[in-house]
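Asks: coords please:
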Amino acid sequence: MLGTRTTSGGGQMFDEALAARVRPLLADQPEVTEKRMFGGLAFLLGGHMAVAVSAKGGLMVRVPPERTGELLAEPGVAPMEMRGREMRGWLRVDAAVLDDDELAHWVEVGADCARSLPPQA
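Replies: All right, here's what the predicted structure looks like:
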């Protein structure tokens, strides 16, 4: 699904339509903040990043590291890489598979993981 793209800091783009679909899925969560990071738009719960609309397209999702193998088996999911290195505890989900149900599923996975982390000092 292609959405309207908007400029983020540094001239990079992210899918504003996808971000607009994520917002209501987190609306009932306490301490939700949005922050432009890595050329995309991150959604944080209690200071911990849960998901981010990626400048490279799709969604970056925080996952429990022990569930990585299981979650990689889902359609459109790949390891998250930054500067050629795999990011432990993060997956990338292709925008093409993010219908409403899949998006809700992945936002819930990221939110659950972020809420499981200790409070920020």
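Asks: what ranges do the helices span in this protein?
Replies: Taking DSSP state H, the helices of the chain run over residues 16-26, 68-72, 100-115.
Asks: list the contacts for Thr33?
Replies: Under the criterion of Cβ atoms under 8 Å, 6 or more residues apart in numbering, the neighbours of Thr33 are Phe43, Leu44, Gly47. Any C-beta I mention is one placed from the backbone N, CA and C, and that applies to glycine too.
Asks: ok, what's across the strand from the spatially most central residue of the chain?
Replies: With distances taken as Cα atoms, centre = their mean, the chain has Val51 as the residue nearest its mean C-alpha position (2.4 Å). Val51 forms beta bridges with Phe43, Val61, as assigned by DSSP bridges.
Asks: do I have it right that it meets Gly110?
Replies: Yes: using Cβ atoms under 8 Å, Val51 makes contact with Gly110 at a distance of 3.9 Å.
Asks: what sits in contact with each of these two?
Replies: By Cβ under 8 Å, 6+ apart, Val51 and Gly110 have these common neighbours: Phe43, Val61, Arg62.
Asks: list the buried ones in stretch 75-91?
Replies: Residues of stretch 75-91 classed as buried under the neighbour-count rule (16 or more other Cβ atoms under 10 Å) are Val77, Met80, Trp90, Leu91.
Asks: and of those, the nearest to Gly39?
Replies: Ranked by distance to Gly39 (Cβ to Cβ), these are led by Met80 at 13.9 Å.
Asks: grab the nearest non-local neighbour of that closest one.
Replies: With Cβ to Cβ, 6 or more residues apart in numbering as the measure, Trp90 is the residue that lies nearest to Met80, at 3.7 Å, once sequence neighbours are left out.
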